[in-house]
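>>> Kindly generate the corresponding structure for this input.
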Amino acid sequence: MNQLPPPVRTGRPAAEQNGSAAQFAFSPASKAGRKARLSIQGLSGSGKTWTGLGICHGLSEGRRFAVIDTEKGAASLYAGIGGIQFDTLAMDRYDPRDLARALDAAAQAGYPTVFVDSLSHFWKGTDGTLDQVEKASSRYGGNKFAGWKDGTPMQNDMVAAILAYPGHVVASMRSYTEWVLESGKPKQVGTRPEQRKGIEYEFDVAVAMDIDNTLEVLKSRCPALNRKVIQRPQGARDIAGPLLTWLNTEPEAQPQPAATPAPDQQ
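Next up, the predicted model:
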């Protein structure tokens with residue numbers, strides 16, 4: 001049997017296929033205008049709320065910030081301690097679209113930082129994403145997979161609103177818990193956050209706190225915080241300080257190498 005010749009590509013140049021190449025112009029990398037996105041996960045009593053408030057206070061550089069409160073006023077118990085001042089918005093239903101609206105209201109009010117305490121409710125609380133999927137599945141004959149056709153866009157839009165906020169955003173999340181034996185004694189430990197799997201990828205810095213109030217940096221795009229473990233952290237000093245320094249530092253301009261003349265020009 002004769003073999004067919006290899007295919008010959010006759011496609012048009014990329015600029016012709018996709019329009020002018022000018023719309024894909026590259027520019028020098030810069031952090032200018034970038035704001036922090038940080039998540040805190042942990043067990044109940046690990047210090048998420050207090051540490052988050054300290055971080056927000058530091059990121060806001062002493063100005064009032066906003067707290068979107070799903071924890072029955074827990075954050076307000078710390079108002080005024082250490083000079084921390086903030087305004088709260090209490091929520092008792094957790095439609096992810098409402099979080100996007102609340103973030104828009106905070107942006108219009110000009111808050112430099114928003115603390116979402118906690119983001120877990122918008123996943124598994126009343127009217128949260130899982131609730132929305134359950135409601136949608138009833139319209140598809142009880143098919144939960146079909147219900148995600150409605151739930152996934154809501155979840156994605158909520159994440160997009162967090163990333164688009166014009167100031168800093170800090171979000172706490174509860175951790176799923178399990179018991180382990182440590183030195184022969186049972187100990188409660190946190191596992192992944194109570195949110196959609198992979199949510200930590202959306203944040204510049206993700207930290208976890210344990211029941212002993214120890215903070216561990218799980219991931220960080222800020223080199224100064226990478227893999228840090230901090231006992232009883234002070235949020236403003238230990239986390240917000242290095243974050244602001246990193247965000248406000250621009251890379252030094254490097255001289256451009258001289259162009260090498262073409263052989264016929266030498």
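
>>> Residue ranges in the chain under the pLDDT threshold?
Scanning the chain for pLDDT under 70 picks out 1-21, 178-181, 183-191, 252-266.

>>> and with 90 instead?
1-24, 27, 29, 32, 138-142, 144-145, 176-192, 250-266 (pLDDT under 90).

>>> now the helices for it?
In the chain, the helices defined using DSSP state H lie at 14-18, 48-59, 96-109, 121-124, 129-138, 144-164, 241-248.

>>> so which of the ones you listed is the most packed in?
Ranked by mean neighbour count under mean count of other Cβ atoms under 10 Å, those are led by helix 48-59, which reaches a mean of 26. The way it works is simple: take the backbone N, C-alpha and C, and place the C-beta from them, glycine included.

>>> now for that helix, which elements pack on it?
strand 37-42, strand 65-69, strand 86-90, strand 113-117, strand 168-182, helix 241-248 (3 or more Cβ pairs under 8 Å, 6 or more residues apart in numbering; DSSP states H and E).

>>> Which among the ones you listed is found nearest to Gly142?
strand 168-182 (26.2 Å; Cβ to Cβ).

>>> Just checking: what are the partner strands of the closest one?
If you go by DSSP bridges, strand 168-182 pairs up with strand 37-42 (parallel), strand 113-117 (parallel), strand 185-193 (antiparallel).

>>> who touches the nearest residue to Ala100 once chain neighbours are set aside in this structure?
Distances taken as Cβ to Cβ, 6 or more residues apart in numbering place Ala161 nearest to Ala100, at 3.7 Å, with adjacent residues excluded. By Cβ atoms under 8 Å, 6 or more residues apart in numbering, the contact list for Ala161 reads 99-100, 103-104.
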